[in-house]
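**Q** test case, fold it:
(chains A and B)
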Amino acid sequence: MATTTFDLYNLMERDNVLLAFKGTVTSDLLSSVFQIMESKMVDLNDSPATKKKVFNVLVECLQNLYHHIDDFDNENTIFDTSTGDKKSAIFSISRHEDYYNIVTGNFIYPKNVDEITSKITHINSLDRDQLKAYYKEVLGNGKLSEKGGGGLGLIDIAKKSRNKLGYSFKEIDKDYSFFTLIVKILKK
Amino acid sequence: MEDLKHEGSAKTPVVEFNSNGELLLKGRSIPENSIEFYKPLIEWLESYSESPNSTTVLSVQLEYFNTSSSKCILDVFKKLESVSGSEISVKWHYEEDDEDMLEAGEDYEAIIDLPFEMIEVEEI
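**A** So this is what the prediction gives:
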């Protein structure tokens, strides 16, 4: 059975989606998304501390996505069939009774699966104090990459969300995998 | 030397670096390319260090900053740290309830050899 627009609507309604996007992530797009989310959150009945934290984590998640989609720029192997542009990504922000969920999904090269897995596994193995120490260590020692990432993104997301990072990979073919990151932020 | 001013935008902070030693960084710092944004600040500090004021106070009043900015802000602090012939201090502001921003200030304080004053404010 084909998914209709109404099915999609119901799915998003059921998941309390505030905002969802699928397509190419650009700097201008992010500016608009941040603006929309800020004005949407003004009307929501959450504490200022919660709104601030959600916005903060959202910025980090979406810019992380933006910087890493860029990775495909480095090689001339961008997927070019009618099935879609592999630089395309998806993200959604949903609001539930006690928490927010930020989900991002993007294509990656299969060779990067192990590296991402070990990075997240390491972050998830740390308790709060260890995570704070790890953040400080990477901040003090690391250099910024040309794209502006400093290897701090995922650490910061875990630290600020006060939660373990959820993630999964789906192998598409020998050239591409799909990486999903799920960040849960408890309301304060 | 000329003062450095930047008006601030949805993704970048207000910058007011005055040659009298009063330096301000206020608002939000979430640009995708933070290196580009912070380069003029580092360069300004470079020139400033040639004949600094007897006191230099950097007032940081940030509501948000992304991790890309966090490295550049560290570079600003490192540059300040290297200025000799001026009594340098940092006033780190954070909104009440914003423990993440307080923590960020404490991280810098631990890495940088400059006196930090943590100031809680109602709203930035």
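
**Q** CA atoms for contacts and neighbours, from now on please.
**A** Will do.

**Q** buried residues of stretch A:103-111, list them for me.
**A** Residues of stretch A:103-111 classed as buried by neighbour count (16 or more other C-alpha atoms under 10 Å in any protein chain shown): A:103-110.

**Q** could you give the separation of that stretch from the chain centroid?
**A** Stretch A:103-111 sits 10 Å away from the centroid of its parent chain (C-alpha atoms, centre = their mean, to the nearest Å).

**Q** contacts for it next, please.
**A** Outside stretch A:103-111, the residues within contact range by C-alpha atoms under 8 Å, 6 or more residues apart in numbering or on different chains are A:61-62, A:65, A:69, A:86-93, A:171, A:174-183.

**Q** what's the mean pLDDT across it?
**A** Per-residue pLDDT values over stretch A:103-111 give a mean of 92.

**Q** and if you look at stretch B:107-124?
**A** Stretch B:107-124 comes out at a mean pLDDT of 94.

**Q** contacts (any at all) between chain A and it?
**A** Yes. Stretch B:107-124 reaches chain A (C-alpha under 8 Å from any C-alpha of the partner chain) through B:107, B:111.

**Q** A strand includes B:Trp92, no?
**A** Yes. Assessed with DSSP: H, G, I helix; E, B strand; the rest coil, B:Trp92 lies in a strand.

**Q** how about the nearest residue to A:Lys159, chain neighbours excluded?
**A** Closest residue to A:Lys159 apart from its sequence neighbours, by C-alpha to C-alpha, 6 or more residues apart in numbering or on different chains: A:Leu131 at 6.5 Å.

**Q** where's the one you found, which helix or strand?
**A** helix A:128-141 (DSSP states H and E).

**Q** and for A:Glu38?
**A** Using DSSP H and E, A:Glu38 falls in helix A:27-42.

**Q** show me the buried residues of stretch A:103-111 that map onto strands.
**A** Among these, DSSP state E puts A:103-108 in strands.

**Q** show the contacting residues for B:Leu45.
**A** So B:Leu45 contacts B:76, B:79-80 (C-alpha under 8 Å, 6+ apart).

**Q** helix or strand next in line after whichever strand or helix holds it, which one?
**A** Here B:Leu45 sits within helix B:34-48, counting by DSSP H and E. Downstream of helix B:34-48, the first helix or strand assigned by DSSP H and E is strand B:55-65.

**Q** that following strand near chain A at all?
**A** Yes. If you take C-alpha under 8 Å from any C-alpha as the test, strand B:55-65 does meet chain A, through B:64-65.

**Q** how about the helix holding A:Glu38: buried residues?
**A** A:30-31, A:33-34, A:37, A:41.

**Q** I'd like those as a markdown table, with distance to B:Asn53 appended.
**A** Formatted as a markdown table, the buried residues of helix A:27-42 follow (distance: C-alpha to C-alpha, whole Å):
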| residue | distance to B:Asn53 |
| --- | --- |
| A:Leu30 | 40 |
| A:Ser31 | 38 |
| A:Val33 | 42 |
| A:Phe34 | 39 |
| A:Met37 | 43 |
| A:Met41 | 44 |
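
**Q** which among these gets closest to chain B?
**A** A:Ser31 (7.6 Å; C-alpha to the nearest C-alpha).

**Q** what is the mean pLDDT for stretch A:128-137?
**A** 93.

**Q** give me the contacts around that stretch.
**A** A:123, A:152, A:155-156, A:159, A:162, B:107.

**Q** likewise for stretch A:28-37?
**A** A:19, A:55, A:59, A:62-63, B:10-11.

**Q** for these, which one is nearest B:Trp44?
**A** B:Lys11 (20.9 Å; C-alpha to C-alpha).

**Q** how is that closest one assigned, secondary-structure-wise?
**A** coil.

**Q** just to revisit the earlier point, can you tell me which of the contacts of stretch A:128-137 is closest to A:Lys51?
**A** So of these, ranked by how close each gets to A:Lys51 (C-alpha to C-alpha), first place is A:Arg162, at 14.7 Å.

**Q** hmm, that closest one is touching A:Ile185, no?
**A** Yes. With contact defined as C-alpha atoms under 8 Å, A:Arg162 reaches A:Ile185; the gap is 7.1 Å.

**Q** pick out whichever of those two has more residues nearby.
**A** Under the neighbour definition other C-alpha atoms under 10 Å in any protein chain shown, A:Arg162 and A:Ile185 were set side by side, and A:Ile185 has more, 23 against 16.

**Q** where does that one fall, phi/psi-wise?
**A** phi -120, psi 110 (degrees, to the nearest 10).

**Q** so which bits of the helix ranked longest in chain A are buried?
**A** Determined from DSSP state H, the single longest helix within chain A is helix A:48-69. Neighbour-count burial for helix A:48-69 flags A:49-69 (criterion: 16+ other C-alpha under 10 Å).

**Q** I'm done for today, thanks for sticking with me.
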